[in-house]
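**Student:** here is my input; please provide its structure:
(one chain, ligands or ions: 1)
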Amino acid sequence: MSSGEDKTPKRSIEELLKLLSTGETLTETEQKQMKDYKFWKTQPVPSLEEKIVSEGPIDTTKTPDDIPNTPLPLLKEFEWSTIDIENKVELDEVYQLLYEHYVEDQDGTFRFKYTHEFFNWALKPPGWRKNWHVGVRVKDTNKLVAFISAIPADLKLNTSGNVIPSVEINFLVIHKKLRNKRLAPVLIKEITRRVNKEDIWQALYTAGVVLPSPLAVSRYTHRPINWSKLHDVGFSHLPANQTKAGMIAYYVLPNETKTSGLREIEQKDLDQVFDLFIKFQTRFELVQQFKKHEFEHWILGGKSDGSKSNVIKTYVVENKDGKITDFFSYYLLPFTVLNNAQHNELGIAYLFYYASDSAGKDNYKERLNSLITDALITSKKFNVDVFNCLTSQDNSYFIKDAKFGSGDGFLNYYLFNYKTFPVHGGIDPKTKEVVEDKTSGLGVVLL
Ligand SMILES: CCCCCCCCCCCCCC(=O)SCCNC(=O)CCNC(=O)[C@H](O)C(C)(C)COP(=O)(O)OP(=O)(O)OC[C@H]1O[C@@H](n2cnc3c(N)ncnc32)[C@H](O)[C@@H]1OP(=O)(O)O
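**Tutor:** Here you go, the predicted structure:
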């Protein structure tokens with residue numbers, strides 16, 4: 001396309017991924033020092049540059065009785081509000097807040113297109129608590145201006161075998177007009193209080209920003225499915241020495257999957273898939289220790305009427321003897337595209353959990369590559385335009401061959417109140433490039 005005539009601002013896919021990661025990359029001189037983290041330096045987290053000598057909890061002294069029964073005070077204009085996401089009006093308020101304020105998009109062209117189904121899946125896994133969906137409202141107008149959530153998640157460190165009863169923290173958001181006013185630390189302290197009251201003292205969370213102190217860093221990678229649409233909406237530029245037709249041809253995928261026995265998961269597969277998954281997860285250092293019904297929620301979508309999920313897509317491979325040998329899953333979270341004459345939505349898939357019984361065998365890399373290629377092919381059915389994955393799990397075995405390109409967004413993984421030895425996130429710590437064909441230490445996927 002002749003870029004001179006095109007009014008759409010051009011962005012690289014790298015910038016798209018940066019946007020998705022809601023993160024930032026700082027040069028060394030821009031990097032904050034520990035003393036600059038006015039809030040985080042008061043919290044039970046390892047210091048930056050701290051050399052971990054032994055793994056384990058940092059603060060072990062407290063019991064739920066030591067934790068205050070009431071929230072921290074807010075400025076007088078605001079009030080705490082526990083959000084009832086089973087109430088449609090309140091769920092819409094969370095939706096609206098995240099829609100308008102979660103992603104930093106300078107010219108406001110792209111918004112996450114959350115759905116009620118997505119929230120029900122993401123925020124209501126087994127053991128979820130209403131009390132862990134925490135909002136802040138403006139007293140006068142009742143407007144929801146901030147949110148943070150926790151969901152239960154037992155973590156396991158396969159290196160030591162330690163199981164850590166935890167929560168995962170996600171969807172922290174503050175209205176743009178209330179930024180840089182130190183409200184985030186208050187929200188974090190309040191969710192900590194509510195979780196501690198349930199006798200849980202550890203949390204896992206990820207962020208694009210660098211905080212004290214990541215236990216692992218992984219990188220976003222992306223695989224264009226519909227290159228020409230990505231180009232139309234201004235995300236993928238045409239490299240100088242390429243033609244549009246050449247780019248489309250490079251990323252073209254067959255219409256049919258190639259693994260024999262591949263099909264969508266059914267309820268009856270759960271036991272076999274769970275067993276396969278549990279075995280596969282021993283490959284990684286940090287995993288979530290799912291109970292079967294929790295795994296069922298995440299993999300089958302947790303719809304109360306048993307209908308198929310529009311958010312999470314899971315496929316299994318069944319061999320001739322009825323044995324499930326592999327599975328993969330990915331979730332869908334599209335963008336709404338504003339101000340574009342041709343397109344109003346961009347389909348985005350994120351690789352979720354997978355497993356294969358060929359792990360550790362000679363054909364493993366080849367097998368993973370065909371499985372993931374099949375994942376890409378199936379995603380076309382759901383109007384996916386770009387398929388994303390991190391460098392976690394065993395993804396570095398297929399990232400290159402399946403034509404995923406490195407983004408410039410990085411994702412840092414953190415544990416609250418627990419020290420661990422560093423975990424390999426799939427990239428070289430110095431060059432930040434993908435380390436190919438090496439199992440990462442990260443077996444856990446956060447949304
Ligand atoms: C046991 C249970 C424990 C449970 C809790 C475990 C911990 C959970 C931790 C949360 C996991 C969240 C996981 C996700 O959801 S990650 C997604 C985060 N959300 C977004 O990026 C959406 C757009 N951005 C915003 O809404 C705001 O910019 C946010 C809300 C991010 C910060 O608001 P604001 O920009 O108005 O800042 P402030 O003046 O109020 O506060 C400044 C302080 O906040 C520290 N900060 C900035 N960004 C983050 C961040 N992403 N995680 C942790 N801390 C963060 C910052 O270093 C500074 O502290 P310090 O540098 O002075 O020390």
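
**Student:** report the buried residues of the helix or strand that contains Phe119.
**Tutor:** Using DSSP states H and E, Phe119 sits in helix 116-123. Buried residues in helix 116-123, counted by 16 or more other CB atoms under 10 Å: 117-123. For the C-beta atoms, the positions are set from N, CA and C on the backbone; glycine is no exception.

**Student:** are we agreed that Tyr414 is in a helix?
**Tutor:** No: counting by DSSP: H, G, I helix; E, B strand; the rest coil, one finds Tyr414 to be strand, located in no helix.

**Student:** separation between the closest residue to Glu55 other than its chain neighbours and Asp428?
**Tutor:** Among residues not flanking Glu55 along the chain, Thr420 sits closest, at 5.2 Å (CB to CB, 6 or more residues apart in numbering). Separation of Thr420 from Asp428 (CB to CB, to the nearest Å) stands at 20 Å.

**Student:** of those two, who's got more company?
**Tutor:** Thr420 (23 against 12; other CB atoms under 10 Å).

**Student:** which ones are touching the more buried one?
**Tutor:** By CB atoms under 8 Å, 6 or more residues apart in numbering, the contact set of Thr420 is 52, 55, 157, 215, 286.

**Student:** which pair in those spans the largest distance?
**Tutor:** Farthest pair in those (CB to CB) is Ile52 and Leu286. Separation: 13.7 Å.

**Student:** the two: which has the busier surroundings?
**Tutor:** The neighbour comparison of Ile52 against Leu286 (other CB under 10 Å) goes to Leu286, with 24 against 13.

**Student:** quick check: Ile399 touching Asn388?
**Tutor:** No: contact criterion CB atoms under 8 Å: Ile399 and Asn388 do not qualify, at 11.1 Å.

**Student:** which neighbours do these two have in common?
**Tutor:** Taking CB under 8 Å, 6+ apart as the contact rule, Ile399 and Asn388 both touch Thr221.

**Student:** can you tell me what sits against stretch 275-294?
**Tutor:** Outside stretch 275-294, the residues that reach it (CB under 8 Å, 6+ apart) are 125-127, 153-159, 163, 215-216, 270-271, 274, 295, 298, 324-327, 353-357, 359, 393-394, 413, 420, 423-424, 439-444.

**Student:** what do you get if the cut-off is 7 Å, keeping everything else the same?
**Tutor:** Stretch 275-294 is contacted from outside by 125-126, 153-159, 163, 274, 295, 324, 327, 353, 355, 357, 359, 393-394, 423, 439, 441-444, using CB atoms under 7 Å, 6 or more residues apart in numbering.

**Student:** average pLDDT across that stretch?
**Tutor:** For stretch 275-294, the mean pLDDT works out to 98.

**Student:** mind listing what's buried along it?
**Tutor:** For stretch 275-294, a neighbour-count test (16+ other CB under 10 Å) marks 276-277, 280-281, 283-290, 294 as buried.

**Student:** now those as JSON lines including secondary structure and distance to Lys308?
**Tutor:** Below are the buried residues of stretch 275-294 laid out as JSON lines (DSSP: H, G, I helix; E, B strand; the rest coil; distance: CB to CB, whole Å):
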{"residue": "Leu276", "secondary structure": "helix", "distance to Lys308": "21"}
{"residue": "Phe277", "secondary structure": "helix", "distance to Lys308": "20"}
{"residue": "Phe280", "secondary structure": "helix", "distance to Lys308": "24"}
{"residue": "Gln281", "secondary structure": "helix", "distance to Lys308": "25"}
{"residue": "Arg283", "secondary structure": "coil", "distance to Lys308": "29"}
{"residue": "Phe284", "secondary structure": "coil", "distance to Lys308": "29"}
{"residue": "Glu285", "secondary structure": "coil", "distance to Lys308": "33"}
{"residue": "Leu286", "secondary structure": "strand", "distance to Lys308": "31"}
{"residue": "Val287", "secondary structure": "strand", "distance to Lys308": "27"}
{"residue": "Gln288", "secondary structure": "strand", "distance to Lys308": "24"}
{"residue": "Gln289", "secondary structure": "coil", "distance to Lys308": "27"}
{"residue": "Phe290", "secondary structure": "coil", "distance to Lys308": "21"}
{"residue": "Glu294", "secondary structure": "helix", "distance to Lys308": "19"}
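
**Student:** as CSV, those with distance to Leu97 would be great.
**Tutor:** Formatted as CSV, the buried residues of stretch 275-294 follow (distance: CB to CB, whole Å):
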residue, distance to Leu97
Leu276, 38
Phe277, 34
Phe280, 37
Gln281, 34
Arg283, 38
Phe284, 34
Glu285, 35
Leu286, 30
Val287, 31
Gln288, 27
Gln289, 32
Phe290, 29
Glu294, 27
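
**Student:** ranges for the strands of the stretch 101-250 of the chain?
**Tutor:** 110-112, 133-138, 144-157, 162-174, 202-207, 216-224 (DSSP state E, counting those that start in this stretch).

**Student:** over to the stretch 251-400 of the chain?
**Tutor:** In the stretch 251-400 of the chain, the segments counted as strands under DSSP E, counting those that start in this stretch are 262-264, 286-288, 312-318, 324-332, 335-337, 345-346, 348-356, 386-390.

**Student:** out of those, which gets the lowest mean score?
**Tutor:** Per-stretch mean pLDDT for the strands of the stretch 251-400 of the chain is lowest at strand 335-337 (a mean of 90).

**Student:** quick one: strands adjacent to that one?
**Tutor:** Strand 335-337 pairs in its sheet with strand 110-112 (antiparallel), strand 345-346 (antiparallel), by DSSP bridges.
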